[in-house]
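Enquirer: 3D model of this:
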Amino acid sequence: MSNVHDPPTLLPNTSNFITKDVNENSSIELHCPVTNSPDLSIQWSKNNEDLDPMWLSPNVVIKRLLLKIQQTHLTDAGLYKCNVVNGFGSIYAQFRVNIITNETLLNNVHDNEQRTVISSDLDSLIGEAPEFISRSNDGQIGSTKVIQPEGTTVQLKCLASGKPSPEVRWKKNGKILSEDEYGVTQTQILIVKDLRHSDTGNYTCELSNSFGSINATYILIVTEKLQFFGNDPQNTSIESGKKIVLNCSVQTHNPKMKIEWLKRIDGQQSFRPDALVFGSEQYEHIEQSHELQSQQYSNEILSKPLIFSSVTLKEAGQYICLIENDKAVNYKKAFINVFDSRKGVTSWINNNNDLHYMIVILLCVLGFILFFIFCCRYRQKKNIHHHNLHSNSSEIVKSAMKSRQSLIPHHGATVPSTITRTSNDYIAHSVDSIPITKQYQQHQRYGLPLPSEIASLTSSNLYYARVQAL
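Expert: Below you'll find the predicted structure:
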């Protein structure tokens, strides 16, 4: 087994292109030749169209790396592909499936007139009767059954050779087909588009020239396309303890059609053998109980409701209503969201990836809001601090100015010069008594002049002029 951190790889000594020849009505198994591991995602396709397990005929079974056709038909021929992916890379393998029948051995013949027929000289001179390219011992092709659902397209082939080229005529239930209804009918391949139930019947091709004629018959069975009736089932939110009913109905002529209810298995990492896989999700059958009603058929409407008389949180999740007959399958999903108003608990019905994305988005938004609030409050706090500091500085400066003004005599008084000098000496002495470093810090903080500036100011003529003016 490969390392879980490596991309998927092919098995040793295997090719990514395999040809399979199988007889009609036998079984065939296609094993995707890739190393298996639990984290692989496998998608099968046929002729470049993805195969959904829920849309396949019960005759075709897909189990991860295995595709099995239990009874092959002509329509099963084609190019199959398994595409395998994990978180580290991808790889694929292709299968060319050829169905060998008594009716046809060469399905890839494009034009009957391009086929070279080796015959005797006599046959070359006188011509050749029509002959199927793929033939049984008696030169005739037996009846072939073809089953197709409504709305699809079918090709009915009658490939034959002849000299001269044989004329072709198609009949349905013994009556010649109308070109107005079926388009071109004088061809060896009859194409019927947008099948309806009325197209069911026996289609016979008759090929003839002047040397003979041959015919073959297809039994075409058109099955009804499974369609849900109305919009049910629908997503529902409901309070815990209440009654809930999920309806599932289908309009059909067949009362024996089957309706089943499935519930998604959440939190399951490995694949359970009893689970049904839809894409990458696993579902389990809801066991028959008094809450799962039996099928009811009335006026061509088949229904089977899912009822919870007292729903709980464990019933929350994703459900599937599955409808099927022996030829086709269809399904529809619905969610049940259960909330408990008393406890403030709500069930999450979305898958884990959606929940993770939602949590990441909410955390990012919350982080941005908190960062924005922090920036606003930090700026506001800084502005308040700056405003208070500016106010304190202004008050200190005003106080200092008032102190200096108190040293100046009142107007009209005689002030001896000796007293003025004594006052100046006292001021200088008071200021100089503070250590130099502390003086600088205090004056720088409150915006006051230094002692040297005060001394210069008091000794200047400007200072005495201001005193005299007062």
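Enquirer: Ramachandran angles for Val360?
Expert: Torsion angles at Val360 (phi, psi; degrees, to the nearest 10) stand at phi -60, psi -40.
Enquirer: Tell me how many other residues surround it.
Expert: 10 (other CB atoms under 10 Å). Glycine gets a C-beta too; all of them are placed from N, C-alpha and C.
Enquirer: Which elements pack onto the helix or strand Glu131 falls within?
Expert: Here Glu131 sits within strand 128-132, counting by DSSP states H and E. Identification of packing neighbours for strand 128-132 by 3 or more CB pairs under 8 Å, 6 or more residues apart in numbering; DSSP states H and E yields strand 160-163, strand 201-209, strand 212-223.
Enquirer: need these in CSV with mean pLDDT and distance to Val338, can you?
Expert: Putting the helices and strands packed on strand 128-132 into CSV (pLDDT from 0 to 100; distance: least, CB to CB, whole Å) gives the following:
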stretch, mean pLDDT, distance to Val338
strand 160-163, 86, 65
strand 201-209, 89, 52
strand 212-223, 85, 38
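Enquirer: tell me the SS of Lys20?
Expert: Three-state call for Lys20 (DSSP: H, G, I helix; E, B strand; the rest coil): strand.
Enquirer: What is the neighbour count of it?
Expert: Using other CB under 10 Å, Lys20 has 15 neighbouring residues.
Enquirer: With the one 10 residues further on instead?
Expert: Using other CB under 10 Å, the number of residues around Leu30 comes to 21.
Enquirer: now Lys145
Expert: Neighbour tally, Lys145, other CB under 10 Å: 11.
Enquirer: Tell me who's in contact with it.
Expert: When the contact criterion is CB atoms under 8 Å, 6 or more residues apart in numbering, the partners of Lys145 are His73, Tyr218, Ile219, Ile221.
Enquirer: If we use 6 Å, what do you get?
Expert: Shown in contact with Lys145 (CB atoms under 6 Å, 6 or more residues apart in numbering): Ile219.
Enquirer: what are the phi and psi values for it?
Expert: phi -90, psi 130.
Enquirer: Give me the distance between it and Ser27.
Expert: From Lys145 over to Ser27 the distance is 17 Å, taken as CB to CB, to the nearest Å.
Enquirer: Correct me if wrong: Ile62 contacts Trp55.
Expert: No: the criterion here is CB atoms under 6 Å, and Ile62 misses it with Trp55 at 10.9 Å.
Enquirer: Looking at the two now, which is surrounded by more residues?
Expert: Comparing Ile62 with Trp55 by other CB under 10 Å, the one with more neighbours is Ile62, at 18 against 14.
Enquirer: That one - that's part of a strand, no?
Expert: Yes: read with three-state DSSP, Ile62 is one of the residues of a strand.
Enquirer: which one is it nearest to, not counting chain neighbours?
Expert: The shortest distance from Ile62 to any non-neighbouring residue, by CB to CB, 6 or more residues apart in numbering, is to Pro53 (4.9 Å).
Enquirer: What does the pLDDT read for the spatially closest residue to Asp6 that is not a sequence neighbour?
Expert: In this structure, Asp6 finds its nearest non-sequential neighbour in Phe88, 6.1 Å apart by CB to CB, 6+ apart. The model reports Phe88 with a pLDDT of 78.
Enquirer: distance of Phe88 from Ile359?
Expert: According to CB to CB, Phe88 stands 25 Å off from Ile359.
Enquirer: Compare the two (neighbour count), which wins?
Expert: The neighbour comparison of Phe88 against Ile359 (other CB under 10 Å) goes to Phe88, with 13 against 10.
Enquirer: so how far is Val338 from the more buried one?
Expert: Phe88 is 38 Å from Val338, where distance means CB to CB.
Enquirer: What is the burial count for Leu195?
Expert: By other CB under 10 Å, neighbour count at Leu195 equals 19.
Enquirer: what's near enough to touch it?
Expert: In this structure, Leu195 makes contact with Gln148, Glu150, Thr152, Val222, judged by CB under 6 Å, 6+ apart.
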